[in-house]
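A.B. asks: Predicted model and sequence follow; I will ask about them next.
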Amino acid sequence: MGWASKGNGALLALVDGKFDVFLTTDQRISRRNKIEFLVRMLPELQRVLGSVRPGQVHRVGT
């Protein structure tokens, strides 16, 4: 999507109103580790996704 070079503010402006949920990971995590991290976080992600409301920010795995 060409968003890798976007800063936080520009990125949030791009996604505003276009997604029900926007999920990001730390850029310092390698691609392989991101996938492993997301797999480990699936139970917590499912719990949060069941209750998240517009405008809320939830951090998982921190």
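C.D. replies: Yes, it's here. Numbers count the residues shown, from 1 in each chain.

A.B. asks: Pick out the residue nearest the middle of this protein.
C.D. replies: Nearest to the mean C-alpha position of the chain, by CA atoms, centre = their mean, lies Leu23 at 1.6 Å.

A.B. asks: Please tell me how far the residue nearest to that one when sequence neighbours are not counted sits from Gly61.
C.D. replies: Counting by CB to CB, 6 or more residues apart in numbering, Leu23 lies nearest to Leu45, which is 7.6 Å off, once chain neighbours are set aside. Every residue, glycine included, has its C-beta placed from N, CA and C. Leu45 sits 9 Å away from Gly61, going by CB to CB, to the nearest Å.

A.B. asks: who's more crowded, these two?
C.D. replies: For Leu45 and Gly61, the more surrounded residue by other CB atoms under 10 Å is Leu45, and the numbers stand at 18 against 11.

A.B. asks: Would you map the helices across the chain?
C.D. replies: Using DSSP state H, the helices of the chain run over 8-15, 31-49.

A.B. asks: Quick one: residues in contact with the last one.
C.D. replies: The contact list for helix 31-49, computed with CB atoms under 8 Å, 6 or more residues apart in numbering, reads Val21, Leu23, Thr25, Ile29, His58, Val60, Gly61.

A.B. asks: Could you identify the buried members of those residues?
C.D. replies: Val60 (16 or more other CB atoms under 10 Å).

A.B. asks: Would you mind checking which of the contacts of helix 31-49 the model is least sure about?
C.D. replies: The lowest pLDDT within the contacts of helix 31-49 belongs to Ile29, with 63.

A.B. asks: rewinding a little: of all the helices of the chain, which one comes closest to Met1?
C.D. replies: Closest of the helices of the chain to Met1 is helix 8-15, at 8.5 Å (criterion: CB to CB).

A.B. asks: Send me the closest one as PDB with only the CA atoms.
C.D. replies: Output of helix 8-15 as PDB, limited to C-alpha atoms (Å, rounded to 0.1, in the frame of the first residue of the first chain):
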ATOM      1  CA  ASN A   8       2.400   8.300  12.500                       C
ATOM      2  CA  GLY A   9       0.200  11.300  11.900                       C
ATOM      3  CA  ALA A  10       0.100  10.900   8.100                       C
ATOM      4  CA  LEU A  11      -0.600   7.100   8.500                       C
ATOM      5  CA  LEU A  12      -3.500   7.700  10.900                       C
ATOM      6  CA  ALA A  13      -4.900  10.300   8.500                       C
ATOM      7  CA  LEU A  14      -4.700   7.800   5.600                       C
ATOM      8  CA  VAL A  15      -6.600   5.100   7.500                       C
END
